[in-house]
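S.K.: sequence and predicted structure, then a few things I'm wondering about:
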Amino acid sequence: MMLENLRSVSSRVHLRHLKSEDAAGPYHDWINDPEVTRFLVTRLDYQSVEAIEGYIQEMNTRRDEIMLAVCDNETDRHIGNVKLQHIDPVHQTAWLSIVIGPTGSWGKGIGTETIALMTGIGFDDLNLRRIDASCFAENIGVQRAFEKCGYQHEGRTREQYFAEGRPWDAVRLGILRGDPPLWREFLS
Ligand SMILES: CC(C)(COP(=O)(O)OP(=O)(O)OC[C@H]1O[C@@H](n2cnc3c(N)ncnc32)[C@H](O)[C@@H]1OP(=O)(O)O)[C@@H](O)C(=O)NCCC(=O)NCCS
């Protein structure tokens with residue numbers, strides 16, 4: 001899905017639509033870094049430039065998904081992706097997922113700002129009622145980032161994921177349009 005007049009900026013990053021050329025840029029490096037993909041399904045396959053290009057094109061044409069590039073405000077460098085998936089026009093819900101690529105960018109607030117920006121798009125542009133997220137229970141950083149944006153813990157699903165030869169519990173988080181909009185504090 002592509003949005004007209006997309007304007008989504010926080011103090012450190014901005015979001016933009018992905019282009020085919022992004023496939024051969026930094027994206028290719030960080031999406032193949034096992035430290036970055038440890039908790040992502042992309043860890044299962046090597047992501048070639050051609051595969052990434054195809055994925056970008058698919059994401060830009062699908063009606064039920066929107067994937068945006070996270071870019072550093074100072075350098076304009078492509079440092080991550082954020083998605084709203086399974087956009088459901090009947091129930092007005094979607095699932096948010098995020099990856100911030102270069103590990104040197106972690107722990108500086110970028111994940112939190114990115115979740116805030118995409119939450120704003122979900123509520124303000126797509127008119128969603130509710131946004132969901134699910135993550136490995138051990139992925140403390142992303143849970144903290146969601147919480148800072150106003151998402152609430154809504155449960156734990158046992159052995160939801162299988163990775164590294166063993167099952168892992170998942171934590172479910174969610175935010176409603178009417179919840180305290182902590183995420184707005186991160187928007188510029
Ligand atoms: C998870 C991820 C998005 C977090 O992004 P980030 O930019 O590092 O997050 P922030 O800097 O906004 O951190 C948010 C909070 O979590 C804390 N945090 C970050 N990583 C942490 C970790 N590994 N352990 C404990 N706390 C952590 C930060 O200190 C911060 O809390 P604070 O403001 O109270 O200090 C990023 O590390 C990432 O993309 N990882 C790889 C992909 C992934 O796991 N995606 C999520 C799939 S559901």
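M.R.: Yep, it's here.

S.K.: make it CA atoms for all contacts and neighbour counts henceforth
M.R.: Fine.

S.K.: what strand or helix carries the closest residue to Glu21 other than its chain neighbours?
M.R.: Distance criterion CA to CA, 6 or more residues apart in numbering; nearest residue to Glu21, sequence neighbours excluded, is Glu53 at 7.6 Å. According to DSSP states H and E, Glu53 maps onto helix 49-61.

S.K.: what's that helix packed up against?
M.R.: strand 66-72 (3 or more CA pairs under 8 Å, 6 or more residues apart in numbering; DSSP states H and E).

S.K.: can you show me the CA trace of the strand it packs on as PDB?
M.R.: Output in PDB follows, covering the C-alpha atoms of strand 66-72 (Å, rounded to 0.1, in the frame of the first residue of the first chain):
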ATOM      1  CA  ILE A  66       2.100  -1.000   4.300                       C
ATOM      2  CA  MET A  67       5.900  -1.200   4.700                       C
ATOM      3  CA  LEU A  68       8.000   2.000   5.100                       C
ATOM      4  CA  ALA A  69      11.700   2.700   5.300                       C
ATOM      5  CA  VAL A  70      13.000   4.200   8.500                       C
ATOM      6  CA  CYS A  71      15.700   6.800   7.600                       C
ATOM      7  CA  ASP A  72      18.100   8.700   9.800                       C
END
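
S.K.: beta partners for Cys71?
M.R.: Taking DSSP bridges as the rule, Cys71 bridges to His14, His78.

S.K.: who touches it in this structure?
M.R.: Val13, His14, Leu15, Arg16, Arg77, His78, Ile79, Gly80 (CA atoms under 8 Å, 6 or more residues apart in numbering).
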